[in-house]
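Participant: I would like the atomic coordinates for the input below:
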Amino acid sequence: MKAALLLFALAAMLSWASLELGKLGAAPTIVAATRTAPPPAPTALVDTIQSAPPPALEAAAPLFRPAALPAALREPQPGEAFALVGLAGGADDRVAFLRDEADQRTFTARTGEDVRDWTIEDASDRCVVLRRAQRRQTICLS
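Facilitator: Okay, the predicted model is just below:
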């Protein structure tokens, strides 16, 4: 019973394959299993084809381009991010202690002085306002 089902499934698959080949325009070829003579010795043309190196593949464009890291995830560059370490002095002569987050260098500066292209615009009791061109940032003690 199993052998009959296997033969029927094999016949159905062969029928389907011949239909698919017919759709492609190729004539189906069914070869009966018979004993044949050994294949002829390879000719010079076959040897040349088999020994020829494969054609060089063209470098295709990559499917995906690596994305640039968002500014929030990449490490800060010197002069991009500061931390206010401390403030000293009175309201008229206040000194700010700033640490650059990129290289951990500490700077001291008063109002109007520059720290890595940033100018200290104002220094209050707990915060410092830095300005560079049109950008302003306020850094407070934590």
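Participant: who's in contact with T108?
Facilitator: 95-98 (Cβ atoms under 8 Å, 6 or more residues apart in numbering). For the C-beta atoms, the positions are set from N, CA and C on the backbone; glycine is no exception.
Participant: just those residues now: which is nearest A11?
Facilitator: L98 (84.9 Å; Cβ to Cβ).
Participant: Which helix or which strand is home to the closest one?
Facilitator: strand 95-100 (DSSP states H and E).
Participant: Let me know the angle separating whichever helix or strand comes after that strand from strand 95-100.
Facilitator: Next along the chain after strand 95-100, taking DSSP H and E as the criterion, comes strand 106-110. With axes from the mean of the first three to the mean of the last three Cα atoms, to 10 degrees as the basis, strand 106-110 and strand 95-100 are set at 150 degrees to each other.
Participant: Convert the C-alpha atoms of strand 106-110 to CSV, please.
Facilitator: Provided in CSV are the C-alpha atoms of strand 106-110 (Å, rounded to 0.1, in the frame of the first residue of the first chain):
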residue,chain,number,x,y,z
THR,A,106,38.9,71.4,34.7
PHE,A,107,38.8,75.2,33.9
THR,A,108,38.3,78.2,36.1
ALA,A,109,36.8,81.4,34.7
ARG,A,110,34.9,84.5,35.6
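Participant: next helix or strand past it?
Facilitator: strand 114-115.
Participant: ok, residues contacting that following strand?
Facilitator: If you take Cβ under 8 Å, 6+ apart as the criterion, strand 114-115 is touched by 82, 98, 107, 109, 120, 130.
Participant: partners of it in the sheet?
Facilitator: Applying DSSP bridges to the sheet, strand 114-115 is found paired with strand 118-123 (antiparallel).
Participant: need the next SSE after the partner strand, C-terminal direction.
Facilitator: strand 127-132.
Participant: For that next one, name the packing helices and strands.
Facilitator: For strand 127-132, the elements it packs on are strand 82-88, strand 118-123, strand 135-140, judged by 3 or more Cβ pairs under 8 Å, 6 or more residues apart in numbering; DSSP states H and E.
Participant: Alright, that wraps it up for me.
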